[in-house]
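>>> Give the three-dimensional model of this entry:
(2 chains)
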Amino acid sequence: EVQLQESGPGLVKPSQSLSLTCSVTGYSITSNYWGWIRKFPGNKMEWMGYISYSGSTSYNPSLKSRISITRDTSKNQFFLQLNSVTTEDTATYYCARSTRGTVHWFAYWGQGTLVTVSS
Amino acid sequence: EIVLTQSPTTMAASPGEKVTLTCRASSSVSYMHWYQQRSGTSPKLWIYETSKLASGVPNRFSGSGSGTSYSLTINSMETEDAATYYCQQGSSYPPWTFGGGTKLELK
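Numbers count the residues shown, from 1 in each chain, chains lettered A, B, ... in the order given. Just a heads-up that it's a prediction; the model follows:
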């Protein structure tokens, strides 16, 4: 069974970097696409980006200058770094697995982790 | 970026009532996917590729649509169906986007 689990600090100060880890069990991250999605207070959801089975990345243009997604295949983990955060980045962050192919949906999700940006 | 607009934003339905949720895209998309999210839990894939039910989804649910207009229908509302439903498009070229959600409550 595929399982994803987010981990990382729940509180980040403005202007600092947000760093999260997604640990995957039951499936290799060298297959499919692995992404980050966040849900803001008020329910808006935003796809942030992905890292593919080959290690290539794609990011939401709204975040492109601040975001980096990397991976450690030996630990079957992938990571999110978001720089220069503001209070607008307060959200619940999810990691998820999407399909491989030309049409993408998210069949597996982590439980989510709330990150608050506040001084 | 393809913007998805869901309607209504909130609605209430009685047990046994037929429910239809709508998702409109700003540009044509090949498929639409739907997620159910209950409070305090992560989203669950509910319908993919417009009309295919995810594993474990009751067959009172159905999905349809094409181009810029898609819908999720519940044939007969049940208590457990109260949740927020999101549509999502995942075309080959990102960014992939979500609708704003429809909160479905039990009347």
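
>>> Tell me how far B:Trp96 lies from chain A.
Plainly put, B:Trp96 is 4 Å away from chain A if you go by CB to the nearest CB, to the nearest Å. No exception for glycine: its C-beta is placed from N, CA and C like everyone else's.

>>> Enumerate the positions of stretch B:68-84 that are buried.
B:68, B:70-72, B:74, B:77, B:81-84 (16 or more other CB atoms under 10 Å in any protein chain shown).

>>> cool, stretch B:47-63 as well?
B:47-48, B:50, B:53-54, B:57, B:61, B:63.

>>> what's the answer for stretch A:83-90, then?
A:85, A:89-90.

>>> ok, the buried residues of stretch B:47-63 vs chain A, which is closest?
Ranked by distance to chain A (CB to the nearest CB), the buried residues of stretch B:47-63 are led by B:Tyr48 at 4.8 Å.

>>> In contact with the closest one, which residues are there?
A:105, A:107, B:31, B:33-34, B:54 (CB atoms under 8 Å, 6 or more residues apart in numbering or on different chains).

>>> Then B:Thr84?
The neighbours of B:Thr84, taking CB under 8 Å, 6+ apart as the test, are A:43, B:36-38, B:101-104.

>>> about what we covered before: select from the buried residues of stretch A:83-90 every entry located in helices.
Judged by DSSP state H, helices contain none of those.

>>> ok, for the residue in chain B positioned nearest to chain A, nearest residue in space, not its chain neighbours?
Residue of chain B nearest chain A, by CB to the nearest CB: B:Gly90 (3.2 Å). With CB to CB, 6 or more residues apart in numbering or on different chains as the criterion, B:Gly90 has its nearest non-adjacent residue at 3.2 Å, and that residue is A:His104.

>>> So what's the residue count around that neighbour?
Close neighbours of A:His104, defined as other CB atoms under 10 Å in any protein chain shown, add up to 23.

>>> so A:Trp34 sits right up against A:Arg97, yeah?
Yes - the criterion here is CB atoms under 8 Å, and A:Trp34 meets it with A:Arg97 at 5.8 Å.

>>> what do those two both touch?
Contacts common to A:Trp34 and A:Arg97, judged by CB under 8 Å, 6+ apart, are A:Val24.

>>> What strand or helix carries the residue nearest to the spatial centre of chain B?
For chain B, B:Trp34 is the residue whose C-alpha lies nearest the centre (CA atoms, centre = their mean; 4.0 Å). For B:Trp34, the host element (DSSP states H and E) is strand B:33-37.
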